[in-house]
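Q: structure, please.
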Amino acid sequence: MGNNAGATAGGGAIYGLGIFGALFYFWQQADGFWEHVGSLFEAVFWPAWMVYRAFEAIPH
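A: Residues are numbered from 1 along each chain as shown. Model prediction:
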């Protein structure tokens with residue numbers, strides 16, 4: 001039986017790049033300690049929110 005792990009690894013890599021890109025962007029925009037803490041939270045959940053909005057835009 002074949003192993004399809006490679007097909008799912010590509011999606012994880014793209015999601016990971018989205019997290020690092022969001023972290024880079026939000027970290028630069030932050031000024032204080034709590035804004036930097038918030039940027040970590042935003043970086044983790046922003047790509048998931050973008051995927052949700054993309055699926056929401058697809059007509060039923």
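Q: would you mark the buried spots in stretch 22-35?
A: Buried residues in stretch 22-35, defined by neighbour count with 16 or more other Cβ atoms under 10 Å: Ala22, Leu23, Phe26. Backbone N, C-alpha and C define where each C-beta goes, glycine included.
Q: do the same with stretch 36-46
A: Counting neighbours by 16+ other Cβ under 10 Å, one finds that the buried residues in stretch 36-46 are Ser39, Glu42, Ala43, Trp46.
Q: centre-most residue in this structure?
A: Nearest to the centroid of the C-alpha atoms of the chain, with distances taken as Cα atoms, centre = their mean, sits Pro47, at 2.8 Å.
Q: wait, it sits on Gly18?
A: Yes: taking Cβ atoms under 8 Å as the definition, Pro47 is a contact partner of Gly18 at 3.6 Å.
Q: ok, back up a step: what's the distance between the residue nearest to the centre of the chain and Ala13?
A: 12 Å (Cβ to Cβ, to the nearest Å).
Q: show me where pLDDT drops low in this structure?
A: Per-residue confidence for the chain (pLDDT under 70) gives these ranges: 1-9.
Q: check which element follows the strand or helix carrying Gly18 along the chain.
A: Assigning secondary structure by DSSP states H and E places Gly18 in helix 5-29. The C-terminal neighbour of helix 5-29 among helices and strands, as given by DSSP H and E, is helix 33-57.
Q: just want the angle from that next one to helix 5-29.
A: 130 degrees (axes from the mean of the first three to the mean of the last three Cα atoms, to 10 degrees).
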